[in-house]
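K.L.:
Model the following, please.
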Amino acid sequence: MFVDGKFAVGAPADVVIAAGLRTGAAVSPAELEALARQAQLREAWDYALNYLSYRARSREEVRRRLQRRDYDAALCEQVLQKLERCGLLDDREFARRYVRSQVEGRLRGRRALSHGLRRMGIRPEVVAEVLADELDPEAEVATALEAGKRRLRRLHGLDEKTTRRRLAQYLSRRGFEHMVVQDVLEALLPEVEE
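P.N.:
Numbering: from 1, shown residues only. Got it, this is the predicted structure:
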């Protein structure tokens, strides 16, 4: 939009039409500021949608990304609330999907899952709730056992003590708790004494 022959604000056509503006119309400074704010809101909305198009994200991930683009906190909050109302942002559902994918595909343990979710900005109470719902102890042991079996193939030819130590370290790095690691070691390497 140009005011008195000078560029004033850039806005998508639908934002200008929604504001009821047309060529030659008089525009007050307040209307111009409101139009600029609507244009910025639309730009932030489009940017957030594009960011979400690659994969699901947590609310905090989207907020951080918007702030990196220098959108102010109030504008970010508007976009985030609109995304939540539209069902495009839901931290609980995001956390559930994340846990399922990490357990099934990457064979991760409770500690690693908790750390990953917290890093993505999921609130601690949501992390605890989702892990309690999605990860029962027997399933975690089964996941650790599968990860241990896969790793054991790569440790072929080492002495038993070294194999035990490296397997325990590997499972620990994958985020499995000490008791789960001990259960897996006993199941896979029963003949080695601690």
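
K.L.:
now the lengthiest helix in the chain: how far from the chain's centre is it?
P.N.:
The residue-count maximum for a helix in the chain (DSSP state H) belongs to helix 29-54. From the chain centre to the centre of helix 29-54 is a distance of 23 Å (C-alpha atoms, centre = their mean, to the nearest Å).

K.L.:
can you check stretch 129-142 too?
P.N.:
On C-alpha atoms, centre = their mean, the centre of stretch 129-142 falls 20 Å from that of its chain.

K.L.:
Could you list the residues in contact with it?
P.N.:
92, 95-96, 99-100, 103, 109-110, 113-114, 117, 122, 176-177, 180, 183-184 (C-beta atoms under 8 Å, 6 or more residues apart in numbering). Using the backbone N, CA and C atoms, a C-beta is placed for each residue, glycine as well.

K.L.:
list the buried ones in it?
P.N.:
Within stretch 129-142, the residues scored as buried using 16 or more other C-beta atoms under 10 Å are 130-131, 134-135, 140-141.

K.L.:
do the same with stretch 166-173
P.N.:
167-168, 170-172.

K.L.:
Might you calculate how far it sits from the centre of the chain?
P.N.:
Using C-alpha atoms, centre = their mean, the offset of stretch 166-173 from its chain centre is 26 Å.

K.L.:
now the chain, which segments are flagged as low pLDDT?
P.N.:
1-5, 7-27, 32, 191-194 (pLDDT under 70).

K.L.:
Just the buried residues from the contacts of stretch 129-142, in ChimeraX please.
P.N.:
In ChimeraX, this line selects whichever of these come out buried by 16+ other C-beta under 10 Å:
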select :95,96,99,103,109,110,113,114,117,122,176,177,180,183,184
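
K.L.:
In this structure, mark out all the helices, start to finish.
P.N.:
13-18, 29-54, 59-68, 73-85, 91-106, 110-119, 124-134, 137-154, 160-173, 178-188.

K.L.:
which strands and helices sit next to the fourth one?
P.N.:
Just to be clear, that refers to helix 73-85. helix 29-54, helix 59-68 (3 or more C-beta pairs under 8 Å, 6 or more residues apart in numbering; DSSP states H and E).

K.L.:
Which residues does the last one contact?
P.N.:
Contacts of helix 59-68 from elsewhere in the structure, counted by C-beta under 8 Å, 6+ apart, are 44, 47-48, 51-52, 57, 73, 75-76, 79-80, 83-84, 89, 91, 120-122.

K.L.:
Can you pull the domain assignment for the protein?
P.N.:
Domain assignment for the chain by automatic domain parsing gives 2-89, 90-135, 140-194.

K.L.:
And the second one, end to end?
P.N.:
For domain 90-135, the separation between the terminal residues is 19 Å (C-alpha to C-alpha, to the nearest Å).
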